[in-house]
Structure formats: structure tokens, C-alpha cells
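> The following comprises the amino acid sequence and a computationally predicted model.
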Amino acid sequence: MKKLVSILLVTGCVLSGKVIAQRNDVILRDFFQNKDYKKNWEKAESCCPHSIKLLTGADQVAGRNAIRFEVDRNDQKVNNGYRSELRMAKEKTADIERWYKFSIFLPKDYEIDSTFEVLAQWHEVPDFSLGEKWRSAPISLQTDKEKWRICINSASDPVNTDKTISLKKTIELSDIKKGVWTDWLFHIRFSYQEDGVLEVWENDKMVVDYKGPNYYNDKTGPFFKIGIYKTPWKFYRNNSIVTNRVIYFSDVKVGNEHASFDSMKD
């Protein structure tokens, strides 16, 4: 019996009298349960005390712990833009397959803007040694007026700019819903070639099944970001009618190439 217990402790952990097997398919899992949540992320990109707040206990949002993101037109720029985001570390290579699960809550007073905003993105890292500079995110989840949409950018040249992107694709999704959580699951195989994969489920319903280029011909892989990036406030500020934006995220999970649809739902 002692030998059996020793084996169980090596291969798993004991919790409430049960042995829970260790998982080798999870890179990050964050339920935003306490103030130590930031250790799960490489950095926060925010300007002010109001930008990112943890909500737990009595402050839960529709029954869930959450992160509250806020941007205001009077905020200082962060990394040359108006943003409030959490970001993971960059992937060491672009030749990867990943799964991403998260939930977004748009409050009932969410004002429909005349321009788009980015709420989740998989951002590139330039090959600085080749002279590249920062470009638009290869994959992003956005709101555009009353709709959700996904934008894809790809470039096959080893050195490229926003002006030499070889593929730009927008996939319009469902109407946004206010006052409820919307659950998202992304399965991505990053590639600038035809073997790229982008599968997306909204509230367990597949809404995107795309095969083809979805990344740049870069040496380094992307970094994943959640929060708010109000691109129009930087480039065409007068086109936006919104002066303040608040949204919430919850239940973030990132899986590696060993993950699956079923394992990400656990």
C-alpha cells in the first residue's frame, strides 16, 4: 500500500481524498480567483489604476470571477496605442498548434460604436534582425458596430510590412449580446502557408472552419492578448463616437498541441 501511495503522489496530486492526474496539455489556466492572477501573464499593458481590476466574491460579474478592462479617450497611450490588455509571453517559434478558451461579457450599457475595437488578438513579433517593424495582428477577435468579427492577416515574404500583406480576410460572425457571457474557443495552427488552421466555436457552436494562411513568414511565434485595444482612437479618432469602454473577461485557458475540443471544455 505504501508503494502504491508513493506512485500516486509522483504521477498526480491528492485533493480531497482523490487523485487528480497531472495534465500535459495546459499552458495557462486562469479563473481570476485572487490578486496573484498576474503571475500567469507576462505583463499588463495599461496606463492607470482604472485600467485593469479583479472582481471576485460579491463583485462577481453574472456569477463569475472576472477581470474588468477599461479604456478612456483621455488615457495616456500605452505602447503607442489606447489599450488595456493582459499578454502572454511570445512563442519561441511560429510552427505551433494551440487552443484558446475565454469568455467575454459586454455590459448592458455597452454603447455601439461607429468603428471597430479589438478584444483578443494573436500578435506577431517582427524579425528585427531583418529590418521588420511591428505590423497588424495576424488574427484578432473584434467587435464592429453590432457584430462580432474575426480578422486574418498573412504574408509569405520573409520581410513584410502592413503594406505588403498578401492576405487580408474578415469573417463576420453573430450579433453581439449584452449582459451575458459569450464563451469562445479557438483552435489555431499558425502558418503563412496553406496548412494553417483556424477553428472557432461561439457558445459551443462552430462558427469558423478556415483552412489556409493565417500568420506571417516570421521566425518567432505570436503572443496572446486579451482586453481592449481601441485602434480607431489612434488612427481616425474623430470617427469613433465612444469615449469610454468597459468589458470583462473570465475563464481563460490555453492548451498546447496535445489539447482537444473535449479537454478544453473541462
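Yep, it's here.

> quick one: the helices in this structure?
2-11, 232-235, 261-264 (DSSP state H).

> Would you single out the least confident of the ones you listed?
Among the helices of the chain, helix 2-11 has the lowest mean pLDDT, at a mean of 39.

> burial measure for residue 260, as a count.
Other residues near residue 260 number 12, with proximity taken as other Cβ atoms under 10 Å. Backbone N, C-alpha and C define where each C-beta goes, glycine included.

> List the residues that contact it.
Contact analysis of residue 260 by Cβ atoms under 8 Å, 6 or more residues apart in numbering lists 25, 99.

> Likewise for residue 126?
132-135, 218.

> correct me, but residue 113 touches residue 242?
Yes - shown here, residue 113 and residue 242 form a contact pair, counting by Cβ atoms under 8 Å, at 4.3 Å.

> Check the residue nearest to residue 177 when sequence neighbours are not counted and give its pLDDT.
Excluding its sequence neighbours, the residue lying closest to residue 177 (Cβ to Cβ, 6 or more residues apart in numbering) is residue 106, at 7.2 Å. Looking at residue 106, its pLDDT stands at 98.

> Same check on residue 231?
So, for residue 231, pLDDT stands at 89.

> Pull the number of nearby residues for it.
Neighbours of residue 231 using other Cβ under 10 Å come to 19.

> Check residue 218 too.
Residue 218, neighbours per other Cβ under 10 Å, totals 23.

> ok, it touching residue 94?
Yes - counting by Cβ under 8 Å, residue 218 does reach residue 94; the two are 5.3 Å apart.

> Sort out for me which of the contacts of residue 126 are in strands.
Taking DSSP state E, every one of those sits outside strands.

> So which of those is the closest to residue 56?
residue 134 (34.6 Å; Cβ to Cβ).

> Ignoring the adjacent residues along the chain, who's closest to that closest one?
residue 126 (5.8 Å).

> Phi, psi for the one you found please.
phi -60, psi 150 (degrees, to the nearest 10).

> Now do it against residue 216, distance only.
9 Å (Cβ to Cβ, to the nearest Å).

> what's the overlap in contacts for these two?
Going by Cβ under 8 Å, 6+ apart, residues that sit against residue 126 and also against residue 216 are residue 135.

> which residues touch residue 114?
Contacts of residue 114 (Cβ under 8 Å, 6+ apart): 145, 239-241.

> And for residue 159, the neighbour number?
Residue 159 has 14 nearby residues by other Cβ under 10 Å.

> typed the wrong thing, it's residue 259
For residue 259, the neighbour count with other Cβ under 10 Å is 23.

> Could you check how far it is from residue 166?
From residue 259 over to residue 166 (counting by Cβ to Cβ), the distance is 30 Å.

> on that earlier part again, let me know the closest of the contacts of residue 114 to residue 205.
residue 145 (21.6 Å).

> circling back: in ChimeraX, how would I select the buried members of the contacts of residue 126?
Applying 16 or more other Cβ atoms under 10 Å to the contacts of residue 126 leaves a buried subset, and the ChimeraX line that selects it is:
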select :132,135,218
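
> Would you confirm that residue 251 contacts residue 104?
No - applying Cβ under 8 Å, one finds residue 251 not in contact with residue 104, separated by 10.1 Å.

> These two - which one has more neighbours?
Neighbour count, other Cβ under 10 Å: between residue 251 and residue 104, residue 104 has more, with 22 against 17.

> which residues does the nearest residue to residue 197 once chain neighbours are set aside bridge with?
Closest residue to residue 197 in three dimensions, ignoring its sequence neighbours and counting by Cβ to Cβ, 6+ apart: residue 189, at 3.9 Å. Beta-bridge pairing for residue 189 (DSSP bridges): residue 97, residue 197.

> can you pull the contacts of residue 189?
Counted by Cβ under 8 Å, 6+ apart, residue 189 has contacts 96-97, 195-197.
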